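> Got a predicted structure here, sequence first:
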Amino acid sequence: MTNTPKQETETENTENTEQKEPDQRRPRPTEVLREARAQLEELTGMAAESVSSFERTEDGWSLEVEVLELERVPDTMSLLSTYKVDLDPDGMLTGYKRIRRYERGRSDSGRR
């Protein structure tokens with residue numbers, strides 16, 4: 001049985017939609033960043049100040065998030081931490097780990 005031109009067009013449209021659908025469900029990087037910060041804040045109870053590193057990995061996403069751990073006066077003495085945050089391809093947090101703790105006013109010594 002041969003397809004009519006209309007059926008062929010409908011088949012092509014269906015195939016194109018199926019090919020594009022997975023990409024459309026994949027979260028955008030800005031959505032991943034927002035969601036990661038929100039999830040980390042909820043789990044730790046601490047404010048995420050910024051994202052200092054962000055990359056796509058084989059398993060999803062990996063971020064480094066700067067978190068305010070202890071607010072002090074003056075602000076330059078506040079304690080901040082860097083957390084490594086791992087997310088699955090959909091942007092859901094799968095794990096986190098504190099990798100550094102420092103005073104806001106201190107610069108990196110070049111070590112981690």
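Received it, and whenever you're ready, just let me know what you need.
> hang on, Val73 is in a strand, isn't it?
No. Per DSSP: H, G, I helix; E, B strand; the rest coil, Val73 lies outside any strand segment and is coil.
> who's in contact with it?
By C-beta atoms under 8 Å, 6 or more residues apart in numbering, no residues touch Val73. The C-beta positions use only the backbone N, C-alpha and C, and glycine is treated the same way.
> for it, phi and psi?
The phi/psi pair for Val73 (degrees, to the nearest 10) reads phi -120, psi 130.
> Can you tell me the element Asp108 falls in?
Assessed by DSSP states H and E, Asp108 sits outside every helix and strand.
> Next one: it relative to Ser52, how far apart?
Asp108 is 11 Å from Ser52, where distance means C-beta to C-beta, to the nearest Å.
> could you give the mean pLDDT of stretch 26-36?
The average pLDDT within stretch 26-36 is 90.
> Report the distance from it to the chain centre.
Taking the mean of its C-alpha atoms, stretch 26-36 sits 5 Å from the chain's own mean (C-alpha atoms, centre = their mean, to the nearest Å).
> Stretch 59-70 now?
Computed by C-alpha atoms, centre = their mean, the chain-centroid distance of stretch 59-70 equals 8 Å.
> again, but for stretch 43-54
10 Å.
> Next, the buried residues of it.
44, 46, 48, 51 (16 or more other C-beta atoms under 10 Å).
> for the second one, phi and psi?
According to degrees, to the nearest 10, the main-chain angles of Met46 amount to phi -120, psi 150.
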